[in-house]
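Participant: structure for the following, please:
(one chain, ligands or ions: 1)
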Amino acid sequence: MFSGKARAYTNIALIKYWGKEDQELIIPMNNSLSLTLDAFYTETQVIFSEEISEDRFYLDNQLQDSKATVKVSRFLDLVRSKAHCNLSAVVQSQNFVPTAAGLASSASGLAALAGAASAALKLDLAPEELSRLARRGSGSACRSIYGGFAEWQKGDSDKTSHAVKIPSAGFENDLSMIFVVVNDSKKDISSRDGMQRTVETSAFYPGWLTSVPQDLAKAKKAIAEKDFVALGEVTEASALKMHGTTLAANPPFTYWSAESLQVMNLVRQIRNNGLACYFTMDAGPNVKILVERKNETALLQALNSHIATQQLVVAHAGPAIKILTE
Ligand SMILES: O=C(O)C[C@@](O)(CF)CCOP(=O)(O)OP(=O)(O)O
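Facilitator: Model (predicted):
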């Protein structure tokens, strides 16, 4: 019996990953840059044993259906082949999110799975190798191996496509990210499906792709110079351009709801009133607001005086993945 456990934190991209060059290997079309956060994480335990006849996957103590289990099994096959092991496993994943409103991310889940499974089989992977493995589970998961700021270098092969930590002299500790949980009933299009449709059909996609390198350079310069306004501006621009591509997809779609737009407009209004804050958006209606930690309370007050219904969740910079001893 071989057991391993890991805790991995979610990350939010400031320069977005949106589109794959290789679906199977999950090689992206562009580099991306993220901030790992402390508010949401996943703890996963993996037990390989001769006693287990087939892979089983429990999420928050619920046995998952065959569709979800197959995805986990395919990922475990990667780990088993690296370890020359053919044992089946039980996977127990627990999402620690302050609200059930769909904030759990595949990034923390797949990163924790990669950490736990490789630890169980004593693969002893270096962070870069663990990032490569997590990438095979979900692209953004490769960034959750690191704490603080991480850059996913797209590379052009399984070996060269992984994230690296961005040196930041602790700038991440000057930041807060506030999640405005916008409850939206309509079924989201998964990021995997959304980006595939966009790459294949959107007239705006090439424009997005050509804009990423300079945005990435701006973001890295802003981090190096601890320039919050520059980082916020390029973060908001990256999100708007990424989401702009979905409007020109066929069929067109958007992840934004009416409430999302209201919150984005409120962020602009608060910023125009003199409080530096910037939003970003991913594959859902929730709005994430980047603010300097010293202005966190002022921003929460401004938000609370305008939006009563939504939930606000405050996050700060989070740590690297942690392999937990049994
Ligand atoms: O996180 C970002 O850079 C931007 C997004 O969140 C925008 F929605 C995409 C994340 O995509 P992911 O879930 O990693 O896709 P997978 O590789 O198909 O599993």
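
Participant: could you pull out the helices for the stretch 151-300 of the chain?
Facilitator: Ranges of helices in the stretch 151-300 of the chain, per DSSP state H, counting those that start in this stretch, are 191-201, 205-224, 228-247, 258-272, 296-304.

Participant: with distance to the ligand, mean pLDDT and mean neighbour count added, can I get those helices in CSV?
Facilitator: Every C-beta, even on glycine, is put in place using the N, C-alpha and C of the backbone. As requested, the helices of the stretch 151-300 of the chain are arranged in CSV below (distance: least, Cβ to the nearest ligand atom, whole Å; pLDDT from 0 to 100; neighbours: other Cβ atoms under 10 Å):
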stretch, distance to the ligand, mean pLDDT, mean neighbour count
helix 191-201, 3, 97, 18
helix 205-224, 11, 98, 17
helix 228-247, 7, 98, 20
helix 258-272, 13, 96, 17
helix 296-304, 22, 96, 16
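
Participant: name the residues of the stretch 51-200 of the chain found near the ligand, please.
Facilitator: By Cβ under 6 Å from any ligand atom, the part of the stretch 51-200 of the chain that sits against the ligand consists of 106, 138, 139, 140, 191, 192.

Participant: still on that earlier bit, the helices of the stretch 151-300 of the chain into JSON lines, with extra columns for distance to residue 50?
Facilitator: Converted to JSON lines, the helices of the stretch 151-300 of the chain look like this (distance: least, Cβ to Cβ, whole Å):
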{"stretch": "helix 191-201", "distance to residue 50": "34"}
{"stretch": "helix 205-224", "distance to residue 50": "47"}
{"stretch": "helix 228-247", "distance to residue 50": "46"}
{"stretch": "helix 258-272", "distance to residue 50": "50"}
{"stretch": "helix 296-304", "distance to residue 50": "51"}
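
Participant: hmm, residue 121 and residue 85 touching each other?
Facilitator: Yes: between residue 85 and residue 121 a contact is recorded at 5.6 Å, counting by Cβ atoms under 8 Å.

Participant: which neighbours do the two share?
Facilitator: 2, 48, 79 (Cβ atoms under 8 Å, 6 or more residues apart in numbering).

Participant: take those and keep only those in strands.
Facilitator: When DSSP state E is applied, those are split such that 2, 48 fall in strands.

Participant: out of the shared contacts of residue 85 and residue 121, who's nearest the ligand?
Facilitator: Using Cβ to the nearest ligand atom, residue 79 comes nearest to the ligand of the shared contacts of residue 85 and residue 121, at 17.3 Å.

Participant: run through the residues that contact the closest one.
Facilitator: So residue 79 contacts 85, 114, 117, 118, 121, 123, 133 (Cβ under 8 Å, 6+ apart).

Participant: what does residue 235 give?
Facilitator: 14, 15, 219, 278, 280, 290.

Participant: cutoff 7 Å now
Facilitator: Shown in contact with residue 235 (Cβ atoms under 7 Å, 6 or more residues apart in numbering): 14, 278, 280, 290.

Participant: beta partners for residue 90?
Facilitator: According to DSSP bridges, the partner residues bridging residue 90 are residue 47, residue 56.

Participant: give me the pLDDT for it.
Facilitator: Residue 90 is assigned a predicted lDDT (pLDDT) of 98.
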